[in-house]
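S.K.: predicted coordinates and the sequence they were generated for:
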Amino acid sequence: MKKLLIDLDLYAENKDKDFGCSYFYHSGNKGVRSLLELVTYALICRKCELAACIEACPNEALGRNAEDKILERYNMRCTSCKSCMSACPFGTIYPEMMTYLASKCDLCLGRLTKDEMPLCVKDSPEGVLKYGEYSEDKENNIFLVAKNVLVKAEHWELDGIPKKAK
């Protein structure tokens, strides 16, 4: 099954550029930003035991996935007050992720023909977004963060041990 591969470092260099989106309600492609939020919570977040971001939210809009402790934002509760962003001691919650109106990328599932690429992949600068038969490759910093989403990024922690301690 084809997957979307995001190179997080290249995305950071090009985050101010517009990426197209074929979904009618994603003008300006806010769907890619929802993927950035997913990736950030999965790979960049330090998963603090006493999470200041969760405690700071006045609307209980942040929580953790019970299985893997990854942050989740409940969009129906979030008012984009950015209290979580201010409370995070590591600066891993970016203001552009915490929008009041949230769009979710649907990965164009069910809307692409066999050889068609998502519009965001076609419009992205070289190498930022790729779409194809990719798989997780931890030695090359490619991680599966959702069923159809891979990200290439430095993971601050592997196997529960912070990288600097290895």
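M.R.: Yep, it's here. Residues are numbered from 1 along each chain as shown.
S.K.: alpha carbons only for contacts and neighbour counts from here, please
M.R.: Will do.
S.K.: check which helix or strand residue 108 maps to.
M.R.: Under the criterion DSSP states H and E, no helix or strand holds residue 108.
S.K.: how much space between the nearest residue to it once chain neighbours are set aside and residue 15?
M.R.: Distances taken as C-alpha to C-alpha, 6 or more residues apart in numbering put residue 118 closest to residue 108, at 6.4 Å, once the chain neighbours are dropped. According to C-alpha to C-alpha, to the nearest Å, residue 118 and residue 15 sit 18 Å apart.
S.K.: neighbour count: these two, which is higher?
M.R.: A count of neighbours by other C-alpha atoms under 10 Å puts residue 118 above the other of residue 118 and residue 15, at 21 against 16.
S.K.: show me the contacts for the more buried one.
M.R.: Contact partners of residue 118, counting by C-alpha atoms under 8 Å, 6 or more residues apart in numbering, are 21-22, 107-108, 112, 131.
S.K.: narrow those residues to those that are buried.
M.R.: 21, 107, 131 (16 or more other C-alpha atoms under 10 Å).
S.K.: picking up where we left off before, what's the closest of the contacts of residue 118 to residue 78?
M.R.: Using C-alpha to C-alpha, residue 107 is the member of those that lies nearest residue 78, at 23.1 Å.
S.K.: measure stretch 111-124 end to end?
M.R.: 19 Å.
S.K.: may I see the buried residues of it?
M.R.: 118-122, 124.
S.K.: how about stretch 45-61 as CSV, C-alpha atoms only?
M.R.: Output in CSV follows, covering the C-alpha atoms of stretch 45-61 (Å, rounded to 0.1, in the frame of the first residue of the first chain):
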residue,chain,number,x,y,z
CYS,A,45,7.5,15.5,21.9
ARG,A,46,9.5,14.4,25.0
LYS,A,47,6.4,12.7,26.5
CYS,A,48,7.1,14.3,29.9
GLU,A,49,5.8,12.3,32.8
LEU,A,50,4.2,15.4,34.3
ALA,A,51,3.1,17.1,31.0
ALA,A,52,2.9,20.8,31.6
CYS,A,53,1.2,21.2,28.2
ILE,A,54,-1.7,19.0,29.3
GLU,A,55,-2.0,20.7,32.7
ALA,A,56,-1.9,24.2,31.2
CYS,A,57,-4.9,23.6,28.9
PRO,A,58,-8.0,25.3,30.4
ASN,A,59,-10.3,23.2,28.2
GLU,A,60,-8.8,19.7,28.7
ALA,A,61,-8.1,19.6,25.0
